[in-house]
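In: One predicted model, sequence on top.
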Amino acid sequence: MDKNNVAFIGLGVMGYPMARHLSEAGYQTKVFNRTRQKSAAWEKQYHGIACEKPADAAAGSQIIFICVGNDDDVRSVMYGKDGILAGAESGTIIVDHTTTSAELALELAKACEQQQLHFIDAPVSGGQAGAESGTLTVMCGGNTEIFEQIRPVISSYSKQAVLLGGHGQGQRCKMVNQICIAGILQGLSEALTLAQHAHLDIGQVVDVLKHGAAGSWQMENRAETMSAGQFDFGFAIDWMRKDLGFCINEAEKNQLELPMTKHVDQLYASLQQRGLGRMDTSVLIKAYDQDK
């Protein structure tokens, strides 16, 4: 099996450019997407092969990457006669970049082991912009030796990849990441609401605060667009609520309370009811609107 053969399953806003980076790095790349037009467009644009089934993409690939929507989406491309497991050869490494539950990571690791395959859970952070620029952060769970084999490959679209422990630990680290983002956005939303009512210039506020203790990626990249009411980009709150659900469930298993996380989750739920589910997570500021 040629070490340069890879497959990428899922060509959404993240997977499309991630697969492109693999192709441009010289890997023989096969792709699959449930919407055939998307994989056909990728094939025309980049050097690679579009496949009609996940099993076809998996066949002959040394590393198979997955980046789809949720737990059930991952299962739909993994299992069945047309799934990845049906086409993957012994020794193949399967890397799941989807943000899922830790339970799914353990389930997939067991299913892979039964077929003499290897599995790494590897959710990413950095959003569409990070995928486009190849600067994602990858949080991994699995075997050290297998991680070292995939590290040079995933470096084609990441600036940092870290192994955090056994299977599921990558997903648990992503949960921590999402809780931090939720808290930062809540604080930023409240702060900007006050700044607007105090008639402060938001650009000046960002310039004076971004290099101090209050500075954050969210402040530098979202404060001004939040204040301008621009939310049609980035990571949708529909997906954030899915992720926060994982966080809350994991906390319950550890007999922990996450009051801030639950509060932000409910604020997002109210925004979904207002038809804003596809807006970027920074739309949280609209939960503080006086005129709804």
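Out: Yep, it's here. Numbering: from 1, shown residues only.
In: Point to the residue nearest the middle of the protein.
Out: With distances taken as C-alpha atoms, centre = their mean, the chain has residue 124 as the residue nearest its mean C-alpha position (4.6 Å).
In: quick one: that one from residue 37, how far?
Out: Distance, residue 124 to residue 37, using C-beta to C-beta, to the nearest Å: 25 Å. C-betas here are computed from N, CA, C, even on glycine.
In: go on, residue 191?
Out: Distance from residue 191 to residue 37, by C-beta to C-beta: 43 Å.
In: And residue 252, by the same measure?
Out: 41 Å.
In: Equivalent analysis for residue 151, please.
Out: For residue 151, the distance to residue 37 - C-beta to C-beta - is 33 Å.
In: Next: residue 112.
Out: In terms of C-beta to C-beta, residue 112 sits 30 Å off from residue 37.
In: Pick out whichever of those two has more residues nearby.
Out: residue 112 (22 against 9; other C-beta atoms under 10 Å).
In: so residue 111 is in which element?
Out: helix 102-114 (DSSP states H and E).
In: again, but for residue 52
Out: Per DSSP H and E, there is no helix or strand for residue 52.
In: list the contacts for it?
Out: Listed by C-beta atoms under 8 Å, 6 or more residues apart in numbering, the contact set of residue 52 reads 32, 36.
In: Next one: it from residue 4, what distance?
Out: Distance from residue 52 to residue 4, by C-beta to C-beta: 22 Å.
In: Kindly report the same for residue 137.
Out: From residue 137 to residue 4 the distance is 25 Å (C-beta to C-beta).
In: Same check on residue 145?
Out: In terms of C-beta to C-beta, residue 145 sits 20 Å off from residue 4.
In: higher neighbour count, these two?
Out: Set residue 145 next to residue 4 and count neighbours by other C-beta under 10 Å: residue 4 wins out with 15 against 8.
In: correct me, but the more buried one touches residue 30?
Out: No. Counting by C-beta atoms under 8 Å, residue 4 does not reach residue 30; the two are 11.6 Å apart.
In: Do you know the pLDDT at residue 234?
Out: Listed pLDDT for residue 234 reads 80.
In: okay, now it: neighbour count?
Out: Residue 234 has 18 nearby residues by other C-beta under 10 Å.
In: and if you look at residue 198?
Out: Around residue 198 there are 8 residues (other C-beta under 10 Å).
In: try the one 3 residues further on
Out: Using other C-beta under 10 Å as the criterion, residue 201 is surrounded by 11 other residues.
In: Point out where the chain drops to low pLDDT.
Out: 1-3, 290-292 (pLDDT under 70).
In: Strands along that one, start to end?
Out: 5-9, 28-32, 49-50, 63-66, 93-96, 118-121, 124-125, 136-140, 158-163 (DSSP state E).
In: where along this protein do the helices fall?
Out: Assigned by DSSP state H, the helices in the chain fall at 15-24, 36-45, 54-58, 71-78, 84-87, 102-114, 127-133, 144-154, 169-197, 202-209, 217-227, 237-253, 259-273.
In: got the contact list for the helix holding residue 111?
Out: Residues contacting helix 102-114 (C-beta under 8 Å, 6+ apart): 71, 74-75, 78-79, 85, 94, 96, 118-119, 121, 141-142, 167-172, 175, 246, 250.
In: Run the chain-centre distance for it.
Out: 19 Å (C-alpha atoms, centre = their mean, to the nearest Å).
In: before we move on, back to that, now the contacts of helix 102-114: which count as buried?
Out: For those, a burial check counting by 16 or more other C-beta atoms under 10 Å picks out 71, 74-75, 78, 85, 94, 96, 118-119, 121, 141-142, 167-172, 175, 246, 250.
In: ok, and for stretch 129-149, which residues are buried?
Out: 130-132, 134, 136-143, 146-147, 149.
In: now, the most widely separated pair of those?
Out: Maximum pairwise distance among these (C-beta to C-beta): 30.1 Å, between 132 and 143.
In: show me the contacts for residue 287.
Out: By C-beta under 8 Å, 6+ apart, the residues touching residue 287 are 189, 267, 268, 270, 271.
In: Just put the residues you listed in TSV and tack on neighbour count and distance to residue 241.
Out: As requested, those are exported to TSV (neighbours: other C-beta atoms under 10 Å; distance: C-beta to C-beta, whole Å):
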residue	neighbour count	distance to residue 241
189	23	16
267	19	10
268	23	5
270	12	11
271	22	10
